[in-house]
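In: Okay, sequence plus prediction incoming.
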There are 2 protein chains.
Amino acid sequence: MSVLSHYKGLSKLMEERGLDCVVILGEANLAYLTGYRGPGALLISKNGVKKLLVPLLEAYRAEELVKDVEILPYVSYSVQHCIYDNVLYKRLKEAIVHILKGIGARKVGVDISEGDYDVIVYVKEKLKHMVDISDKLKEMRSIKDPKEIEVITHAIRIAECGLEKSLDLIRDGMSEIEVAGIVEFGMRKAGANGYAFPTIVASGSNAAYPHAVPSNKPIGRHEPIVIDLGALYNNYCSDLTRTLFIGGADPEIKRALEAVIEAQEEAIDIIEPGIKACEVDMKAREVLAKYDLDKYFIHSLGHGIGIEVHEAPTLNSNSDTELKSGMVITIEPGIYIKGKYGIRIEDDVLVTKSGRTILSSMNKLIEL
Amino acid sequence: MSVLSHYKGLSKLMEERGLDCVVILGEANLAYLTGYRGPGALLISKNGVKKLLVPLLEAYRAEELVKDVEILPYVSYSVQHCIYDNVLYKRLKEAIVHILKGIGARKVGVDISEGDYDVIVYVKEKLKHMVDISDKLKEMRSIKDPKEIEVITHAIRIAECGLEKSLDLIRDGMSEIEVAGIVEFGMRKAGANGYAFPTIVASGSNAAYPHAVPSNKPIGRHEPIVIDLGALYNNYCSDLTRTLFIGGADPEIKRALEAVIEAQEEAIDIIEPGIKACEVDMKAREVLAKYDLDKYFIHSLGHGIGIEVHEAPTLNSNSDTELKSGMVITIEPGIYIKGKYGIRIEDDVLVTKSGRTILSSMNKLIEL
């Protein structure tokens, strides 16, 4: 990842806000700025001090991943013999304050909303002036650079490849859990370092739960099978949903799915820099309203993807964020009717200078 | 899950601390008390009011899972048409305060350390008296009832079955990622609803990272392959590690593994109610010290497992928690030598009235 350019954004922020130092606590923010994803804290001062506090057990890995930053292992208990001689025998919050005092930092930016309550309260108490930089980091992370777009595109390819290769193997009578295993194995075969989120395979009335957990329910013929999957690749996430049918779709549900696809396509068509996120959300709802289905669309239209599977911007009816070139967002309308069925279609879209590019490319109507 | 008995513990706590109401925010605590795992908040008053706030998109699922509790959907943006007519168009923190005011709660217990900083600060500001009940909930959850032990034992069986069935399929030259896919597929076949944590498959020098992420590195003959896997079953976790070798183990590493196994077995042997967690941790370190390997054991000996894969008690050199009958803990010594290799063996142990029962049963020295 082009971690160096991300540092530059942070330096600019420190200058603008007159910060002596920043403390980064969120695991995704740490990954964004260093490549290391895990617990800990990154401390950067305007004088060029760069220290990464990591739990002792993560020290080797952090040293391998992060260069030009001093790695400081910490551990909350004492270890009689240890391969490291520079271990801080402190809890994270104490280690942070210890270093901030050494630097003599007065005005410190912290990604407050990513930290544990206990850590924030402790550090805040010891500092003269703490500034919340969470939103600024969210905004920075929402605009992807070319290298990030390449990695996300690859993560999307892994998810698509995993699902496509699974289509020949899925049979009615298999459980949702088994189908989840098949598509995950497909993603691993395609090179996934892990999963962006717990895979959803939900069939029939279970599909009415947008965040269903795969169960032992056998999947039946003609009923919708919602598969929502995402790969983790090189720290970045993809997020893709398809609704499949075995033996052809139930006609009523197929009509609803066609409405969802129409809503998705019309929403995608208006994406361009400068449009507000809420306008895109409303467009999808307008299309669904034509079919009297909008009342069953019980979540927001989409969200940014990147190091986290849910990040800025959010696309709902209240979000007045203007879309910008470099954002990568999901567009995922769905219909959920309790006790009956659920359906969803989700693609990943890059906002470009001239409009948009759809990064995922799989068929939307899949009848096995 | 025997959610009812968990409620009783909470009622007792409310009485002891003189609380009018409790607000539960942590997803694992919600699962413990309701069976619903997801974002939201549970509000219980001493007068018998029980309300579960869930994001609108989780409302159907919560209604299905949770009985005898009023489900209140909330959403932070307005939805023109919605299938629900009782939606609170508020953010979670506002919805909580709205309900607390309705109840007239004055002294409220909250699992503060599980909540978002922003939510806790907001709710705290609006309340007369907030009491942190995080530790009490951790303590309650650390003692498992028979039904929980049954479910955890099944989750362990799924992990063991997944790994055992994979042994015939693992070959040198496969990537760590591919092997991760194989063992995960094995767990799905055995009925895993999901994974307790991201599966670790780390070979050779990568195994020196206790929390390695599976990579494209091909696994070689004679080098250690650390596989750390866990199933999620019915909301509960298992956690198991084995170190395998293809074509027999390198002799030096095999000797180290034998030391690790000896350390683990001696530590397990002293587990009984009343012993302090730190004594068990120190026993393992003492054994490793005989072989001059203790300095490479860079993490704690173990932790409780349950709804979360890491929960109370912690077993490290500082933890003076006394083990109690009903606790389920991991015992997982390891050796990590940077640039060379890593090894770990992990089993799950139930503390019983008379001592201990090892819930996992797989061979510890596996040479393929």
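Out: Alright, I've got the coordinates. The structure displayed is predicted, hence computed values, not measured ones.

In: For chain A, which segments count as helices?
Out: Listed in chain order, the helices of chain A (DSSP state H) span A:3-17, A:27-34, A:59-65, A:92-103, A:117-126, A:134-142, A:146-166, A:176-189, A:251-269, A:277-290.

In: now these in JSON lines, with mean pLDDT and mean neighbour count?
Out: Every C-beta, even on glycine, is put in place using the N, C-alpha and C of the backbone. Below are these laid out as JSON lines (pLDDT from 0 to 100; neighbours: other CB atoms under 10 Å in any protein chain shown):
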{"stretch": "helix A:3-17", "mean pLDDT": "86", "mean neighbour count": "15"}
{"stretch": "helix A:27-34", "mean pLDDT": "96", "mean neighbour count": "24"}
{"stretch": "helix A:59-65", "mean pLDDT": "96", "mean neighbour count": "22"}
{"stretch": "helix A:92-103", "mean pLDDT": "95", "mean neighbour count": "19"}
{"stretch": "helix A:117-126", "mean pLDDT": "94", "mean neighbour count": "18"}
{"stretch": "helix A:134-142", "mean pLDDT": "97", "mean neighbour count": "19"}
{"stretch": "helix A:146-166", "mean pLDDT": "98", "mean neighbour count": "21"}
{"stretch": "helix A:176-189", "mean pLDDT": "98", "mean neighbour count": "25"}
{"stretch": "helix A:251-269", "mean pLDDT": "97", "mean neighbour count": "19"}
{"stretch": "helix A:277-290", "mean pLDDT": "98", "mean neighbour count": "21"}
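
In: Now tabulate the ones you listed in TSV and tack on distance to B:Leu288.
Out: Output for these, formatted as TSV (distance: least, CB to CB, whole Å):
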stretch	distance to B:Leu288
helix A:3-17	37
helix A:27-34	30
helix A:59-65	18
helix A:92-103	26
helix A:117-126	32
helix A:134-142	41
helix A:146-166	40
helix A:176-189	34
helix A:251-269	57
helix A:277-290	55
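
In: Show me what from the stretch 151-300 of chain A comes close to chain B.
Out: A:177-178, A:180-182, A:184-185, A:187-189, A:191-195, A:198-199, A:208-216, A:285, A:289, A:294-296, A:298-300 (CB under 8 Å from any CB of the partner chain).

In: Look up the pLDDT of the residue nearest to A:Gly247 when sequence neighbours are not counted for me, please.
Out: Once flanking residues are discounted, A:Gly247 sits nearest to A:Arg221: 3.9 Å by CB to CB, 6 or more residues apart in numbering or on different chains. Note on A:Arg221: pLDDT of 97.

In: What of A:Ser2?
Out: Predicted confidence (pLDDT) for A:Ser2: 55.

In: Over to A:Gln80?
Out: Note on A:Gln80: pLDDT of 77.

In: Report the contact partners of it.
Out: Contacts of A:Gln80 were listed using CB atoms under 8 Å, 6 or more residues apart in numbering or on different chains, and they are B:Arg285, B:Asp294, B:Ser317.

In: I figured the last one hits A:Ser76, correct?
Out: No. Using CB atoms under 8 Å, B:Ser317 and A:Ser76 do not qualify as a contacting pair, with a distance of 10.0 Å.

In: Flag every residue of the stretch 1-150 of chain A that's near chain B.
Out: Within the stretch 1-150 of chain A, the positions lying close to chain B (CB under 8 Å from any CB) are A:38, A:55-61, A:63-64, A:76-84, A:112-113, A:115-118, A:120.

In: contacts with chain A among the contacts of A:Gln80, please.
Out: Counting by CB under 8 Å from any CB, B:Arg285, B:Asp294, B:Ser317 from those sit close to chain A.

In: can you put the residues you listed in JSON lines and add distance to A:Glu164?
Out: Listed next are the ones next to chain A among the contacts of A:Gln80 as JSON lines, based on distance: CB to CB, whole Å:
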{"residue": "B:Arg285", "distance to A:Glu164": "50"}
{"residue": "B:Asp294", "distance to A:Glu164": "50"}
{"residue": "B:Ser317", "distance to A:Glu164": "51"}
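
In: so where do the strands sit in the stretch 251-368 of chain A?
Out: Here the stretch 251-368 of chain A has its strands, by DSSP state E, counting those that start in this stretch, at A:302-304, A:311-315, A:328-331, A:334-337, A:341-344, A:347-352, A:355-358, A:366-367.

In: now that we're looking at A:Ser325, how far away is chain B from it?
Out: For A:Ser325, the distance to chain B equals 25 Å [CB to the nearest CB, to the nearest Å].

In: so that residue touches A:Thr352, yeah?
Out: Yes. With contacts counted by CB under 8 Å, A:Ser325 reaches A:Thr352, the gap being 5.8 Å.

In: which neighbours do the two share?
Out: Counting by CB under 8 Å, 6+ apart, the residues touching both A:Ser325 and A:Thr352 are A:Pro273.

In: Of the strands of the stretch 251-368 of chain A, which shows the lowest average pLDDT?
Out: When I compare these, strand A:366-367 is least confident, with a mean of 94.

In: Can you dump the C-alpha atoms of stretch A:120-140 in CSV for me?
Out: Output of stretch A:120-140 as CSV, limited to C-alpha atoms (Å, rounded to 0.1, in the frame of the first residue of the first chain):
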residue,chain,number,x,y,z
ILE,A,120,-9.6,7.7,25.7
VAL,A,121,-10.8,8.7,29.2
TYR,A,122,-7.4,7.9,30.7
VAL,A,123,-5.3,9.7,28.0
LYS,A,124,-7.7,12.7,27.9
GLU,A,125,-7.3,13.2,31.6
LYS,A,126,-3.5,13.4,31.3
LEU,A,127,-3.4,15.7,28.3
LYS,A,128,-3.9,19.4,28.1
HIS,A,129,-5.7,19.4,24.8
MET,A,130,-7.1,16.5,22.8
VAL,A,131,-8.6,17.1,19.4
ASP,A,132,-10.8,14.5,17.7
ILE,A,133,-9.5,13.6,14.2
SER,A,134,-11.7,10.6,13.6
ASP,A,135,-13.8,12.3,11.0
LYS,A,136,-10.8,13.7,9.2
LEU,A,137,-9.3,10.2,8.9
LYS,A,138,-12.6,8.8,7.7
GLU,A,139,-12.7,11.5,5.0
MET,A,140,-9.1,10.8,4.0
